[in-house]
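Engineer: Okay, here's the prediction I keep looking at, along with the sequence it came from:
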Amino acid sequence: MGVLTKKIAVLAGDGIGPEVCQEAIKVLNAVGDRFGHTFTFDHQLMGACAIDATGDPLPEETLQACFEADAVLLGAIGDPKYDNNPAAKVRPEQGLLRLRKSLGLYANIRPVTAYEMLIPHSPLKNDRIAGADMIFFRELTGGIYFGEKGRTEDGAYDNCTYSRHEISRIAHLAFKAAQNRRGKLTLVDKANVLETSRLWREVVQELSPSYPDVKVDYLFVDNAAMQLILNPKQFDVILTENMFGDILSDEASVIAGSLGLLPSSSVGDAVALFEPIHGSYPQAKGKNIANPIATILSAAMMLEHFGLLQEAGLVRYAVEEALDKKIVTQDLASPVVAYSTEQVGTFVASCVMGGVLEGLHKENVQLGMSTVI
Ligand SMILES: NC(=O)C1=CN([C@@H]2O[C@H](COP(=O)(O)OP(=O)(O)OC[C@H]3O[C@@H](n4cnc5c(N)ncnc54)[C@H](O)[C@@H]3O)[C@@H](O)[C@H]2O)C=CC1
Ligand SMILES: CC(C)CC(=O)C(=O)O
Ligand SMILES: [Mg+2]
């Protein structure tokens, strides 16, 4: 891969979003300096900050900038002034959902790895999580988050619908990912109760013969929530619908060590988007204490998406150096020995500048983090 020039739309958003994005940009710039790539960053408003400035959580200018970019980096959106006001007519989250729908980002890919050096500090049984390595394929533009919603005189409703097409396109991606990993796909649903879940099972069963090298397993979501903690090593690729994937992947972050560690990519019809799985963590806003690693690893997934595998591997290596040397924020350390958001980002960027390159891609794949599809 030669030297690249890439334009990245940055939607830093609300709460800790700007702080964690700043560190991911620092790391991308370090990658650019080391390898000669040019990354330009087009900052745009989204979320509560966009409502404050324009009245719209996803201004047209922001959406346009995303379409014109080679990739989108998103921090997080959301603000307590909306969370605590159920009657608010315009909400930051509407901007995020509209963005995902407009960009056709139907597959949200969330890798979860139990980092060796964090396992001894885990509240989970250490021998159960050692070696856990899974990847969620969460459907992102359908289901209950997008169905018709409303109020009746004395109630409220949120409809959940899925089409065969919506299920099969992400199922194909998940099957292919399983072929490149350990050959196991677990469909998580609630097919004992929900008609949409029965359709998910039907479609996956129909596709299964086309992937004879992939073993398919089916789990009800309530059981899956327990199995994740009890025996996470059984999972390889987890395919699931929008809301179940949202909830289970936050749960799975306990296996990694913190919600501040889990990255994601969202792919679909147009430009791809990269964001941490966490939200805007408003309690930490402006305090320089949020963990930037989830966003930095999302930037690594972006590099991989650009075909820059060695560069992505180097960023992951640098993150592991930070974890190894305990250059970590307070979610992974006691407050006394914790480093700031900025210090962690600066350390990772400096490792990117100085880290050894040999064998990195191999290490990257062994970690199960490779998400090229
Ligand atoms: N993709 C997005 O932009 C998302 C936005 N949200 C929004 O974020 C706001 C806050 O929602 P919450 O439910 O509190 O979820 P959250 O993910 O912002 O935070 C939950 C908890 O996770 C931990 N955490 C999250 N990010 C962290 C980080 N980088 N470093 C260290 N610890 C971290 C903190 O203990 C925090 O209290 C809401 O307005 C919500 O709608 C929530 C999830 C996703
Ligand atoms: C804020 C929601 C719309 C999304 C969410 O929690 C997520 O994508 O993880
Ligand atoms: Mg979520």
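Structural biologist: Right, received. Where do you want to start? Ligands and ions are numbered 1, 2, ... in the order given.

Engineer: hang on, residue 222 in a helix?
Structural biologist: Yes: with DSSP: H, G, I helix; E, B strand; the rest coil as the criterion, residue 222 is located in a helix.

Engineer: Next, count neighbours for residue 192.
Structural biologist: For residue 192, the tally of surrounding residues (other C-beta atoms under 10 Å) stands at 9. C-beta here means a position set from N, CA and C on the backbone, and glycine is covered the same way.

Engineer: Could I get the contacting residues of it?
Structural biologist: Contact criterion C-beta atoms under 8 Å, 6 or more residues apart in numbering gives residue 220 as the residues in contact with residue 192.

Engineer: swap in residue 39?
Structural biologist: Residue 39 touches 5-8, 28-29, 31-32, counting by C-beta under 8 Å, 6+ apart.

Engineer: which bits of the stretch 1-150 of the chain sit near ligand 1?
Structural biologist: With the criterion set to C-beta under 6 Å from any ligand atom, the stretch 1-150 of the chain comes near ligand 1 through 16, 20, 76-79, 83, 93, 96.

Engineer: Phi first, then psi, for the nearest residue to residue 177 once chain neighbours are set aside.
Structural biologist: The shortest distance from residue 177 to any residue that is not its chain neighbour, by C-beta to C-beta, 6 or more residues apart in numbering, is 5.2 Å, and that residue is residue 237. Recorded main-chain torsions at residue 237 are phi -110, psi 130, according to degrees, to the nearest 10.

Engineer: In contact with residue 237, which residues?
Structural biologist: Contact criterion C-beta under 8 Å, 6+ apart gives 134-135, 137, 174, 177-178, 181, 184-186 as the residues in contact with residue 237.

Engineer: now those residues in a markdown table, with neighbour count and pLDDT?
Structural biologist: As requested, the contacts of residue 237 are arranged in a markdown table below (neighbours: other C-beta atoms under 10 Å; pLDDT from 0 to 100):
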| residue | neighbour count | pLDDT |
| --- | --- | --- |
| 134 | 25 | 98 |
| 135 | 23 | 98 |
| 137 | 25 | 98 |
| 174 | 29 | 98 |
| 177 | 23 | 97 |
| 178 | 24 | 98 |
| 181 | 19 | 97 |
| 184 | 16 | 98 |
| 185 | 27 | 98 |
| 186 | 21 | 98 |
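
Engineer: Sitting in helices, which of these do you find?
Structural biologist: Secondary structure defined by DSSP state H assigns 174, 177-178 of the contacts of residue 237 to helices.

Engineer: ok so, going back, now tabulate the residues of the stretch 1-150 of the chain next to ligand 1 in CSV and tack on neighbour count.
Structural biologist: Written out in CSV, the entries for those read as follows (neighbours: other C-beta atoms under 10 Å):
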residue, neighbour count
16, 30
20, 33
76, 29
77, 30
78, 21
79, 21
83, 16
93, 16
96, 23
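
Engineer: out of everything not next to it in sequence, what's closest to the most centrally placed residue in the chain?
Structural biologist: By C-alpha atoms, centre = their mean, the chain has its centre lying nearest to residue 264, at 2.1 Å. Distances taken as C-beta to C-beta, 6+ apart place residue 110 nearest to residue 264, at 4.6 Å, with adjacent residues excluded.

Engineer: now do residue 81
Structural biologist: Counting by C-beta to C-beta, 6+ apart, residue 48 is the residue found nearest to residue 81 once chain neighbours are left out, at 7.2 Å.

Engineer: Tell me which residues touch the one you found, please.
Structural biologist: When contacts are counted by C-beta under 8 Å, 6+ apart, residue 48 touches 13-14, 57, 77-79, 81-82, 92.

Engineer: biggest separation within the residues you listed, which pair?
Structural biologist: Taking every pair in these and measuring C-beta to C-beta, the maximum separation is 14.4 Å, between 13 and 81.

Engineer: between the two, which one's more packed in?
Structural biologist: The residue with more neighbours, out of residue 13 and residue 81, is residue 13; 30 against 13, by other C-beta under 10 Å.

Engineer: give me every residue that touches that one.
Structural biologist: Applying C-beta under 8 Å, 6+ apart to residue 13 gives the contacts 46-49, 74-78, 92, 280.

Engineer: redo that, cut-off 7 Å
Structural biologist: For residue 13, the residues meeting the contact criterion (C-beta atoms under 7 Å, 6 or more residues apart in numbering) are 46-47, 49, 74-77, 280.

Engineer: mind putting those in JSON lines, pLDDT and secondary structure included?
Structural biologist: Listed next are these as JSON lines, based on pLDDT from 0 to 100; DSSP: H, G, I helix; E, B strand; the rest coil:
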{"residue": "46", "pLDDT": "98", "secondary structure": "coil"}
{"residue": "47", "pLDDT": "98", "secondary structure": "coil"}
{"residue": "49", "pLDDT": "98", "secondary structure": "helix"}
{"residue": "74", "pLDDT": "98", "secondary structure": "strand"}
{"residue": "75", "pLDDT": "98", "secondary structure": "strand"}
{"residue": "76", "pLDDT": "98", "secondary structure": "strand"}
{"residue": "77", "pLDDT": "98", "secondary structure": "coil"}
{"residue": "280", "pLDDT": "98", "secondary structure": "coil"}
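
Engineer: Check those and tell me the two furthest apart.
Structural biologist: That would be 49 and 74, which, of the contacts of residue 13, are the farthest apart (C-beta to C-beta) at 12.7 Å.

Engineer: Which one of those two is surrounded by more residues?
Structural biologist: It is residue 74, of residue 49 and residue 74, that has more neighbours when counted by other C-beta under 10 Å, with 26 against 20.

Engineer: Show me what the helix or strand containing the residue nearest to residue 264 is packed up against.
Structural biologist: Counting by DSSP states H and E, the element that carries residue 110 is strand 107-113. With contacts taken as 3 or more C-beta pairs under 7 Å, 6 or more residues apart in numbering; DSSP states H and E, strand 107-113 sits against strand 133-139, helix 242-256, strand 265-267.
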